[in-house]
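A.B. asks: need a 3D model of the following:
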Amino acid sequence: MKQKIVIKVQMSCEKCRTKARKIAAETDGVSSLAIEGTDKDQVVVTGDGIDSANLTRTLRKKVGFATILSVQKVEEKGKDKVEEKTEPPIPSSYGQYWQYTAPPFHQVVYDPTPSVCSIL
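C.D. replies: As a prediction, this is how the structure comes out:
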């Protein structure tokens, strides 16, 4: 489910806005990000499966006071048309095989010119 989340964050300078953008962009599921509002104090995040409470808590810890203003479901208009035109994938003649790689092994190496020290 794609959703649009608007979070009001206390941001007084450009450095705070950049930090808020970076935090929001690194959140899982974010597809678009914008900073809006009259004072540029609202972070608008759109994406699929975003944890709004976790994002707000992270912004609160790292930037400043943050509150969730709204969480709305976003419906995509052109998605149905695209799905109708897609063709089924062509099956591969090779199939899917997992390649097994053997774990690395250790080999004892003997020094042809041993030193006097027997500890090593």
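A.B. asks: could you say which helix or strand holds Thr58?
C.D. replies: Secondary structure from DSSP states H and E places Thr58 in helix 52-62.
A.B. asks: give me the sheet partners of the very next helix or strand once past that helix and which way each runs.
C.D. replies: Where DSSP H and E defines the elements, the next helix or strand beyond helix 52-62 is strand 66-73. Note on strand 66-73: by DSSP bridges, its sheet partners are strand 2-9 (antiparallel).
A.B. asks: show me what the partner strand is in contact with.
C.D. replies: 16, 20, 31, 36-37, 41-48, 50, 52, 55-56, 59, 63-76 (C-beta atoms under 8 Å, 6 or more residues apart in numbering). Where C-beta positions appear, they are placed from N, C-alpha and C, glycine not excepted.
A.B. asks: go on, stretch 34-43?
C.D. replies: Residues outside stretch 34-43 that contact it (C-beta under 8 Å, 6+ apart): 6-11, 17, 20-21, 24, 33, 44, 59, 69.
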